[in-house]
Structures are given as structure tokens and as C-alpha cells.
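Student: Fold the following.
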Amino acid sequence: MRFITMLCCFFIASFVSAKDMKVGTVDLQKLFKEYPGTVKAQKKFNAMAKKKAADLKEAQEDLKDFATELRSSDSVLSAKQKRQKQNELDAKQNTYLQQENQIKMELAAKENEMTQSILEELKAIVASMAKDKGVDLVLDSEKIVYLNGGIDLTDAILKSYKKSDSDSSDDTGTKKK
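Tutor: The predicted structure is shown next:
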């Protein structure tokens with residue numbers, strides 16, 4: 001009996017404190033797209049992807065040159081030499097495919113790493129804004145079906161991006177170091 005009474009008291013206390021709880025929302029996708037760190041990370045990623053693509057293009061050109069050389073010397077080579085060259089071409093093609101797959105995996109891993117890093121930064125920004133606004137719980141607005149009376153923090157956070165960006169510029173409009 002005591003247990004049931006204590007449990008009821010706990011539920012009543014929880015209900016009363018939940019009424020006082022402030023809930024906020026953010027559009028995480030919008031924050032991610034407009035976050036200045038996202039632009040920087042995207043530029044860095046694109047530069048890395050471009051370099052990897054150039055490396056791959058070079059390997060692809062070498063492979064094409066070798067295949068062209070094999071076709072042009074086909075009539076001069078003996079059957080044994082043709083097989084050896086064809087085996088060499090096959091090995092080079094396999095190496096190229098492995099290199100291509102490796103690059104795709106590296107790029108995917110780097111993109112994921114950059115995305116997670118940005119999300120962690122965003123979580124810290126959202127948590128700071130929530131504390132400033134007295135919000136107890138923040139939810140991603142994309143994943144909410146219904147919320148009565150929640151505080152949308154998205155615009156305030158976007159303004160803080162712009163404010164921090166303008167704070168890092170001096171009077172001439174150039175970035176401070």
C-alpha cells in the first residue's frame with residue numbers, strides 16, 4: 001500500500017513539474033544548411049574529392065593507354081605475349097577498380113566524419129541557445145507530429161550565426177584573424 005501511495009505521489013510530482021517544462025524546437029536541416037561551418041567543410045570536401053578524381057583520371061588514362069598499346073601491337077606479339085599483356089591489362093583494370101572503390105569509401109567516410117563534426121557543433125549551439133532562453137527540452141521540428149506551445153529556436157540561432165559572422169569582421173568588411 002505504501003508503495004502505491006509513493007508511486008502516485010511520484011506521478012503527481014512528475015506531472016506538475018512537466019507542466020512547468022519549456023519545450024523548444026529547431027529545424028536542424030535548415031540550421032545545418034546555413035551554418036557557416038558547413039560551407040567551409042563543403043569546400044574542403046570538394047577540394048579533396050577533386051584531387052582524388054584527378055588521381056583516378058590519371059590512372060584511368062594510363063589504363064586506356066596500355067589497352068591502346070596492346071591493341072596496336074596485337075599483330076606483332078606471339079600468342080604467349082598476347083596472353084601476358086592481356087593478363088597485365090586485367091591486373092591493371094582490377095587495381096584501378098580497387099583504387100576507385102577505395103577512394104569512394106574514403107570520401108564517404110570523410111563526408112560522414114565532417115557531417116558528424118558539424119552536428120556536434122550545432123548541438124552545442126542549440127544547447128547554449130536553449131539555456132539562454134530557459135528551454136528545458138529541444139526537439140528537431142522535422143520529427144515532431146504535434147507540439148502545443150513550443151518555442152522555435154531556429155530563427156534565433158540563425159541570427160546568432162549572422163551576428164557571430166559580422167562580429168568576426170572589422171569596419172572594412174574584411175575578416176579578423
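Student: contacts, neighbours, all on C-alpha from now
Tutor: OK.
Student: Would you point out which residue is most central in the protein?
Tutor: For the chain, the residue nearest the mean C-alpha position is Thr115 (2.2 Å; C-alpha atoms, centre = their mean).
Student: And that one, how close does it get to Glu58?
Tutor: 29 Å (C-alpha to C-alpha, to the nearest Å).
Student: what does Lys159 give?
Tutor: Separation of Lys159 from Glu58 (C-alpha to C-alpha): 45 Å.
Student: ok, Val26 - contacts?
Tutor: Contacts for Val26 (C-alpha atoms under 8 Å, 6 or more residues apart in numbering) come out as 138-141, 152-154.
Student: now do 10 Å
Tutor: 126, 138-142, 151-157 (C-alpha atoms under 10 Å, 6 or more residues apart in numbering).
Student: Not counting its neighbours along the chain, what's nearest it?
Tutor: Once flanking residues are discounted, Val26 sits nearest to Thr154: 4.8 Å by C-alpha to C-alpha, 6 or more residues apart in numbering.
Student: confidence score at the one you found?
Tutor: Note on Thr154: pLDDT of 91.
Student: roughly how far is the helix or strand containing Lys50 from the heart of the chain?
Tutor: Lys50 belongs to helix 36-72 when assigned by DSSP states H and E. Relative to the centre of its chain, helix 36-72 is centred 21 Å away, using C-alpha atoms, centre = their mean, to the nearest Å.
Student: Next: stretch 86-97.
Tutor: 34 Å.
Student: Where does pLDDT dip in this protein?
Tutor: For the chain, applying pLDDT under 70 flags the ranges 1-19, 164-177.
Student: And the helices in it?
Tutor: Ranges of helices in the chain, per DSSP state H, are 2-19, 28-34, 36-72, 79-133, 154-167.
Student: would a markdown table of the ones you listed with distance to Leu147 be doable?
Tutor: Output for the helices of the chain, formatted as a markdown table (distance: least, C-alpha to C-alpha, whole Å):
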| stretch | distance to Leu147 |
| --- | --- |
| helix 2-19 | 13 |
| helix 28-34 | 16 |
| helix 36-72 | 29 |
| helix 79-133 | 17 |
| helix 154-167 | 15 |
